[in-house]
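[1] Sequence and computational prediction follow.
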Amino acid sequence: MQAFDSFSFLSTVSVSGDGYVFDLVKLIGFLGLLGAGAYFLTDFAKKRRIQSALSSEGKIVVADTCPLGNKQFLVVAQYGPEKHLIGVSPNSIRHLSKLNSESNDFQQKLDEAKSMESEEQDA
């Protein structure tokens, strides 16, 4: 009988469907607010990133990029009328050459830079 008395507190707890429904509505409302907050924060961050990219305060412009794989890129950076080919990797940034605007020798410099990168990886 004592074992039965120790579980007698269960009979005093009343389980009503309204309590669970209200808790479920509160949970869904909280998750909705959390999702809406995350959406607006990411939307704000995107707008801020785009505005900073579109700002014309700086004179250095990234004219073109070419991914080489494994976090390595070739970047054409333009400062006024001058264009420069830059190699970017996780460990270094190298100025490869100045590009002539009139001859458009980007493809030639790109091929040279790719061959240099492959030679460095082989070594």
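    Received it, and whenever you're ready, just let me know what you need. Residues are numbered from 1 along each chain as shown.
[2] Next secondary structure element downstream of the worst-scoring helix or strand of the chain on mean pLDDT?
    When each helix and strand of the chain is scored by mean pLDDT, DSSP states H and E, helix 9-12 comes last, with a mean of 49. The helix or strand immediately downstream of helix 9-12 is helix 17-54, counting by DSSP states H and E.
[3] what does the longest strand seen in the chain contact?
    When the chain is parsed with DSSP state E, its longest strand is strand 60-69. Applying C-beta atoms under 8 Å, 6 or more residues apart in numbering, the contact partners of strand 60-69 are F73, L74, V75, V76, A77, Q78, Y79, K83, F106, L110, K114, E117. Where C-beta positions appear, they are placed from N, C-alpha and C, glycine not excepted.
[4] Repeat the analysis, applying 7 Å as the threshold.
    Outside strand 60-69, the residues that touch it by C-beta atoms under 7 Å, 6 or more residues apart in numbering are F73, L74, V75, V76, A77, Q78, Y79, K83, L110, K114, E117.
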